[in-house]
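**Q** please work out how this folds:
(chains A and B)
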Amino acid sequence: NAGVIQTPRHKVTGKGQEATLWCEPISGHSAVFWYRQTIVQGLEFLTYFRNQAPIDDSGMPKERFSAQMPNQSHSTLKIQSTQPQDSAVYLCASSLDFTGDNERLFFGHGTKLSVL
Amino acid sequence: QQQVRQSPQSLTVWEGETAILNCSYENSAFDYFPWYQQFPGEGPALLIAIRSVSDKKEDGRFTIFFNKREKKLSLHITDSQPGDSATYFCAANSGGSNYKLTFGKGTLLTVTP
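**A** Here you go, the predicted structure:
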């Protein structure tokens, strides 16, 4: 079991460019989460999928951020027209089903996005 | 409004000492409190968790003490080792189908040999 796989590990974009971040959850996990981590804000919830269906995107900046889960083996987070304030580590996590005793989140190593 | 607060921001202890990391919360509906450990360049990993029906949870050298009345909890790491040097996050949610964890900003622990 390779754990949650995120690619790329580092991404550098210029202001105004698009960035797409990839996540492969642990096989068999039905819950997939995206979090953003910065020194100032800490870990912030972005969005949540359950069985590939989008359940909650309340943490997503509405205008430029979007997330998809086209199949059970991967999810993408897309940021259009990137801004310097989008610089952060974007963490993907998966969980068996995030209910009852299965609330443990397994995080990937994250993608460090730097917007110049 | 920060719903989960951690203190101190950073803590240095000698090898073999007990490190005490504190956490407090605002939302009375919170009833599940995991602690995550994060090493540089890695994602957080679940270390230990407690539910509000308990006042103590122990796992080896790691113990959570929980005070529901005061809305406070603490993580005690006994016989601290240099390998315990990491950032520790306290988190909370209201359990059941509430999937959205609220994280504190973390405590950076350094264990000096």
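
**Q** neighbours of B:Lys68, how many?
**A** By other Cβ atoms under 10 Å in any protein chain shown, 14 other residues sit near B:Lys68. Bear in mind the C-beta positions are built from the backbone N, C-alpha and C, glycine included.

**Q** residues touching B:Ser10, list them.
**A** Contacts for B:Ser10 (Cβ atoms under 8 Å, 6 or more residues apart in numbering or on different chains) come out as B:Thr107, B:Leu108, B:Leu109, B:Thr110.

**Q** for the residues you listed, which one is nearest A:Leu116?
**A** Proximity to A:Leu116 was ranked across the contacts of B:Ser10 by Cβ to Cβ; first place goes to B:Leu108, at 27.5 Å.

**Q** and that closest one, its phi and psi?
**A** phi -90, psi 110 (degrees, to the nearest 10).

**Q** for it, which non-adjacent residue is closest in space?
**A** Leaving aside its chain neighbours, B:Leu108 sits nearest to B:Ser10 (4.3 Å; criterion: Cβ to Cβ, 6 or more residues apart in numbering or on different chains).

**Q** which residues of chain B score low on pLDDT?
**A** Applying pLDDT under 70 to chain B picks out residues B:1-2, B:95-97.

**Q** most proximal residue of it with respect to chain A?
**A** B:Gly43 (2.9 Å; Cβ to the nearest Cβ).

**Q** host element of the nearest residue to B:Lys100 once chain neighbours are set aside?
**A** Nearest residue to B:Lys100 in three dimensions, chain neighbours excluded: A:Phe45, at 5.2 Å (Cβ to Cβ, 6+ apart). Assigned by DSSP states H and E, A:Phe45 falls within strand A:42-50.

**Q** contacts for that strand, please.
**A** Here strand A:42-50 makes contact (Cβ under 8 Å, 6+ apart) with A:30-38, A:54-60, A:65, A:67, A:69, A:75, A:77, A:90-91, A:97-98, B:44, B:89, B:91, B:99-106.
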